[in-house]
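In: Give me a 3D structure for the following:
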Amino acid sequence: MTATSIFVNFPTTDLDRAKAFYEALGFSINPNFTDDNAACVVLSDTIYFMVLKREYLATFTDKQIIDPKTHAQMSIALSRDSRDEVDEVLAKGLAAGGTEPREAQDYGFMYARDLDDPDGNNLSFVFMEAAAAESGPEAYLAEQAAAEPTTATA
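Out: Next up is the predicted model:
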């Protein structure tokens with residue numbers, strides 16, 4: 001069985017701006033699936049963003065195309081290997097015209113920062129401690145608390 005590919009489709013009001021933004025984050029554009037209506041942003045061998053002009057995206061559904069600046073339909077979380085890598089990709093995204101809609105979220109076992117692209121589509125960049133991913137957040141935090149030195153009062 002071949003690996004499942006994921007294509008996430010979302011709207012843009014400015015295709016050239018969207019392509020420049022995602023390239024600034026370090027992703028590439030597949031020219032074979034890019035034209036005047038859409039751009040194929042390559043995240044990996046099996047994961048792609050299809051950034052589509054709003055009018056073109058509307059041809060794929062009978063539902064209303066929301067404005068991602070005012071409505072949240074989805075949030076896509078993308079993992080990074082460290083907190084520093086999360087901060088680095090956010091810095092690139094902010095420099096390329098993105099916005100950070102809320103403060104960083106630090107849960108002890110996981111660190112996340114949200115980045116809205118210039119159209120308002122939300123991406124969350126996340127680092128999770130490997131031990132937390134293996135044992136679960138509650139077990140990881142309990143283990144961390146047990147390992148902290150205690151101070152005795154006299």
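
In: Tell me where the longest helix sits in the protein.
Out: helix 83-95 (DSSP state H).

In: helices or strands next to the helix or strand following that one in the packing?
Out: Moving toward the C-terminus from helix 83-95, the next helix or strand (DSSP states H and E) is strand 105-106. When contacts are defined as 3 or more CB pairs under 8 Å, 6 or more residues apart in numbering; DSSP states H and E, strand 105-106 sits against strand 110-116. Heads up, the C-betas are built off the backbone N, CA and C, glycines and all.

In: So which residues make contact with the next helix or strand after the strand it packs on?
Out: For strand 110-116, the following helix or strand on the C-terminal side (DSSP H and E) is strand 122-128. If you take CB atoms under 8 Å, 6 or more residues apart in numbering as the criterion, strand 122-128 is touched by 68, 72, 74-83, 85-86, 89-90, 93, 101, 109-117.

In: now do stretch 42-53
Out: Defining contact as CB under 8 Å, 6+ apart, one finds that stretch 42-53 is touched by 3-13, 15, 18-19, 22, 27-30, 33, 37-41, 60, 78.

In: List buried residues within those residues.
Out: For the contacts of stretch 42-53, a neighbour count by 16 or more other CB atoms under 10 Å gives the buried set as 10-12, 15, 18-19, 22, 27, 29, 38-41.

In: What's opposite the residue nearest the centre of the chain in the beta bridge?
Out: Centroid-nearest residue in the chain, with CA atoms, centre = their mean: residue 123, separated by 3.0 Å. Residue 123 forms beta bridges with residue 76, residue 115, as assigned by DSSP bridges.
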